[in-house]
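A.B. asks: Here is my input; please provide its structure:
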Amino acid sequence: MNERIKELAEQAMGTRKHVPPVWQFYDIELAKFAKSLVEAVLDEVEQRAYYTGDRDWSDELDRRWIQLEFGYGPIHDAKHDGV
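C.D. replies: Numbers count the residues shown, from 1 in each chain. Presented below is the predicted three-dimensional model:
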């Protein structure tokens, strides 16, 4: 799982010592949830940028860099295909 997602999961879990880290049990599910959440936010940003005429947001470029931050997408795949 992407380190950024793990970091956010730890923050969400707080300091509950009696609960094991969430990704130990739900690694795949948490990654799917995080990807779905990121994509939903990106879709919302894209839609709002379109309606407001915000030209600072570039769906073709910005979306890919944000996906990379969370460990998936075309830039991530290209980066890891050569490894």
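A.B. asks: any idea how far His80 is from Leu68?
C.D. replies: Using Cβ to Cβ, to the nearest Å, Leu68 is found at 10 Å from His80. In short, each C-beta sits where N, CA and C put it, glycine included.
A.B. asks: Show me which of these two is the more surrounded one.
C.D. replies: Neighbour count, other Cβ atoms under 10 Å: between Leu68 and His80, Leu68 has more, with 18 against 9.
A.B. asks: Just the pLDDT for the closest residue to that one other than its chain neighbours.
C.D. replies: Excluding the flanking residues, the one nearest Leu68 by Cβ to Cβ, 6 or more residues apart in numbering is Ile75, at 4.5 Å. Ile75 carries a pLDDT value of 89.
A.B. asks: Return the set of buried residues in the helix or strand hosting Ile5.
C.D. replies: Per DSSP states H and E: Ile5 is located in helix 3-13. Of the residues in helix 3-13, Ile5, Lys6, Ala9 count as buried by neighbour count, 16 or more other Cβ atoms under 10 Å.
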